[in-house]
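Enquirer: Below is the structure, and that's it, no one-letter string:
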């Protein structure tokens, strides 16, 4: 789903610190439902919370959850503030220059435009979340990109007339596009990215192997598809 451009100074931190013992600090945004969000109890919740806890349990690890703003989520992984990124992050070649990923735990899914009308100008002013593959796509499309720090802010920009449309993961936009609501789908879906994986420092190969083994198991026994349907519905992309 998302792409960060890092400075050389941040890249220098990529040596990182390996995860301590059997405790893994899981870094997420906490602002991208249903992938991840903060519930009424002030706790990390969502598809990725359930999946992360399951992965840790099956791998014999203990998860500790850490939230971080999206626009600095890779730099803070590299500097050792947590051990993984599990935050709706699409696997892209650009990111793989800096960090490594597990195999995907969510298959490649559609991105989409939403607007007040189905014929809004998607080559006009388009809102997208900063540092995402959707923002990169808009910038290259010829439209005027208007970036915001959160998905909610991108949607608000369309509602208040600041932007003609918003472009984001269709699954994340779906709760805002409801019958009788302010937003509708605009144009065709756009496939982007290679699916969503867990990001980690390149030095943490042991942790990657443990999570890859469990993800493979969950794909084979169907439990990952069951979890995806629970959070995204029966029409979600499945393995």
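Expert: Now that the structure is in, tell me what you want to look at. Remember, it's a predicted structure, so these values are computed and weren't measured experimentally.

Enquirer: So which residue is dead centre in the protein?
Expert: residue 88 (1.7 Å; Cα atoms, centre = their mean).

Enquirer: how near is the residue nearest to that residue when sequence neighbours are not counted to residue 236?
Expert: Nearest residue to residue 88, sequence neighbours excluded (Cβ to Cβ, 6 or more residues apart in numbering): residue 35, at 4.0 Å. Every residue, glycine included, has its C-beta placed from N, CA and C. According to Cβ to Cβ, to the nearest Å, residue 35 and residue 236 sit 12 Å apart.

Enquirer: list residues touching both of the two?
Expert: Contact criterion Cβ atoms under 8 Å, 6 or more residues apart in numbering; residues shared by residue 35 and residue 236: residue 171.

Enquirer: ok, now which ones touch residue 65?
Expert: Neighbours of residue 65 in contact, by Cβ under 8 Å, 6+ apart: 25-26, 28, 43-44, 49, 52.

Enquirer: Please tabulate those in TSV, including the columns neighbour count.
Expert: Compiled in TSV, the contacts of residue 65 are given as follows (neighbours: other Cβ atoms under 10 Å):
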residue	neighbour count
25	17
26	26
28	28
43	11
44	21
49	22
52	24
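
Enquirer: Which ones among the residues you listed map onto strands?
Expert: Among the contacts of residue 65, DSSP state E puts 25-26, 28, 44 in strands.

Enquirer: need the residues you listed in TSV with distance to residue 171 and pLDDT, can you?
Expert: Putting these into TSV (distance: Cβ to Cβ, whole Å; pLDDT from 0 to 100) gives the following:
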residue	distance to residue 171	pLDDT
25	26	98
26	20	98
28	16	98
44	18	98
